[in-house]
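Colleague: prediction below, plus the sequence it came from.
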Number of protein chains: 2
Amino acid sequence: MDSTQLLKGVLDLAVLAVLAERDGYGYDVVRRLREAGLEEVGDASVYGTLRRLFKAGALNSYVVASDEGPHRKYYGLNDTGRRMYASYAGIWASFAATMASLVKEGHA
Amino acid sequence: MDSTQLLKGVLDLAVLAVLAERDGYGYDVVRRLREAGLEEVGDASVYGTLRRLFKAGALNSYVVASDEGPHRKYYGLNDTGRRMYASYAGIWASFAATMASLVKEGHA
DNA sequence: TGGCAGTACTGCGCAAACCACAGTAGTGTG
DNA sequence: CACACTACTGTGGTTTGCGCAGTACTGCCA
């Protein structure tokens, strides 16, 4: 992965972070991201990201019945996903540091 | 501008930051961004961003002849650009903080 | 003189990301 | 039985960043 990816795909990291804490299903991940501060994230974006990460082999998935609505498709990190998470987190941290120094020098 | 923009358009902020320090022309902005740590930024992206920001009314532009090659099209921030820069910088800072807390809790 | 490297910019077309919106389907309430 | 809430899928659109090709100007060197 080149750092091109993170100029865009920040959502991947956010979703991985949320799932690293504990498994979750789509609707739940949306709520947790919004509570964490990403208030304007669209639901379709999250579902799309989950499908993409699953397709990339980073997540496992299992269906659980629910009392309060339709079944829930849970997702969780597997080994690949944990490695991906660690990698993305590192890349993002250094990218954020770069941006911070760039912006600070211009002193806002 | 909704914060959708900064999930992508981080380059806008980077270019604004570089130009806030001092005026620059395309090729020069590319070099300064790369020196600052954004090593993989494509030249076409920067030129595109400059044109976009100019079209959005954030930059002024003037042409200067050069001894070592073709003319140079300099860009600099105007009032709109400075306001935009301050605004983007704030939005990005809070976004970065949000991401940092998300990633930290999952403890990488 | 011709060719090549370096500087500086433009234009085209692509892939990916995020989103809005619409649709499907299950459960519980009045 | 309509309606609200939960939960997911699919479609199409806009924007971004990029690779690549092309233009053009200068200076160097054989």
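Modeller: Yep, that arrived.

Colleague: element containing residue A:83?
Modeller: helix A:79-105 (DSSP states H and E).

Colleague: say whether DNA strand C is contacted by that helix.
Modeller: No. Figure legend: helix A:79-105 not in contact with DNA strand C (C-beta under 7 Å from any atom of the strand); closest approach 11.4 Å. C-beta here means a position set from N, CA and C on the backbone, and glycine is covered the same way.

Colleague: now do that helix against helix B:79-105: the angle between them, please.
Modeller: 140 degrees (axes from the mean of the first three to the mean of the last three C-alpha atoms, to 10 degrees).

Colleague: buried stuff in helix A:79-105?
Modeller: A:81, A:84-85, A:88-89, A:91-92, A:95-96, A:98-99, A:102-103 (16 or more other C-beta atoms under 10 Å in any protein chain shown).

Colleague: which residues touch residue A:82?
Modeller: residue A:20 (C-beta atoms under 8 Å, 6 or more residues apart in numbering or on different chains).

Colleague: tell me how far whatever residue of chain A ends up closest to DNA strand D lies from DNA strand C.
Modeller: In chain A, the residue found nearest to DNA strand D is residue A:26; the distance is 3.0 Å by C-beta to the nearest atom of the strand. Counting by C-beta to the nearest atom of the strand, to the nearest Å, the gap from residue A:26 to DNA strand C is 11 Å.

Colleague: identify the residue nearest that residue in space, chain neighbours excluded?
Modeller: Nearest residue to residue A:26, sequence neighbours excluded (C-beta to C-beta, 6 or more residues apart in numbering or on different chains): residue A:47, at 5.1 Å.

Colleague: give the burial count for that neighbour, as a bare number.
Modeller: As a burial measure, residue A:47 scores 15 neighbours (other C-beta atoms under 10 Å in any protein chain shown).

Colleague: so it is in which element?
Modeller: For residue A:47, the host element (DSSP H and E) is helix A:43-55.

Colleague: and that helix, what does it pack onto?
Modeller: Judged by 3 or more C-beta pairs under 8 Å, 6 or more residues apart in numbering or on different chains; DSSP states H and E, the packing partners of helix A:43-55 are helix A:10-21, helix A:26-36, strand A:59-64, strand A:72-77.

Colleague: try it again with 6 Å
Modeller: helix A:26-36 (3 or more C-beta pairs under 6 Å, 6 or more residues apart in numbering or on different chains; DSSP states H and E).

Colleague: which residue sits closest to the residue most central in space within chain A, ignoring its sequence neighbours?
Modeller: Compute the mean C-alpha point of chain A, and by C-alpha atoms, centre = their mean the closest residue is residue A:15, 1.7 Å away. Counting by C-beta to C-beta, 6+ apart, residue A:49 is the residue found nearest to residue A:15 once chain neighbours are left out, at 5.1 Å.
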